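J.: Generate coordinates for the sequence data below:
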Amino acid sequence: MNISTRFAVAIHILTLIDSNKEGKSTSEWIAGSVNTNPVVIRRLTGMLHKAGLVDVRPGVAGAKLTRSAADITLLQIYKAVNAVEENSLFSVHEHPNPACSVGKNIAGAIVPVFSSAQKAMENVLQEVTLDQIVNQIPVS
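T.: Alright, predicted model coming up:
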């Protein structure tokens with residue numbers, strides 16, 4: 001199973017907002033770029049707002065970043081949209097055979113490895129800023 005696409009869409013949303021500083025970044029406009037329904041954009045923008053990454057106001061069109069794109073990490077975005085639950089990037093099957101020596105011990109052997117792998121990925125996301133993503137998008 002993949003990490004939720006909410007993460008990639010949230011990065012897309014924030015990149016659009018940053019690149020449209022002088023315009024109004026409405027959910028309809030953003031939805032056109034993402035190629036999805038504005039309701040999806042509003043739901044994700046609400047999550048980003050709750051995490052303190054964007055400023056949105058009911059009845060006022062458009063969203064703005066609450067701080068510089070250089071001060072927003074991909075880890076903050078990842079956590080804001082609940083891409084995966086804490087320590088659950090990798091799942092372990094729930095009902096191995098307890099009568100089997102491998103079945104009863106497999107979780108104990110692989111869960112620490114899975115946790116380390118998730119932590120390593122999160123460390124990489126902490127080092128990448130939204131600004132770095134924005135700067136990789138060609139200006140047209």
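J.: SS state for the residue lying closest to Ile3 once chain neighbours are set aside?
T.: Nearest non-adjacent residue to Ile3, counting by C-beta to C-beta, 6 or more residues apart in numbering: Ala83, 5.0 Å away. Backbone N, C-alpha and C define where each C-beta goes, glycine included. What DSSP: H, G, I helix; E, B strand; the rest coil gives for Ala83 is coil.
J.: Burial check on Ala83, number of neighbours?
T.: 18 (other C-beta atoms under 10 Å).
J.: I'd guessed it sits against Val9; true?
T.: No: using C-beta atoms under 8 Å, Ala83 is not in contact with Val9, being 10.3 Å away.
J.: Tell me the first helix or strand C-terminal of the longest helix along the chain.
T.: Across the chain, the longest stretch assigned as helix under DSSP state H is helix 101-127. Later in the chain than helix 101-127, the nearest helix or strand by DSSP states H and E is helix 130-134.
J.: Output the contacting helices and strands for the longest helix of the chain.
T.: helix 74-80 (3 or more C-beta pairs under 8 Å, 6 or more residues apart in numbering; DSSP states H and E).
J.: neighbouring contacts of the longest strand belonging to the chain?
T.: For the chain, the strand with the greatest residue count under DSSP state E is strand 60-65. With contacts defined as C-beta atoms under 8 Å, 6 or more residues apart in numbering, strand 60-65 is touched by 13-14, 17-18, 23-27, 30, 45, 49, 53-56, 72.
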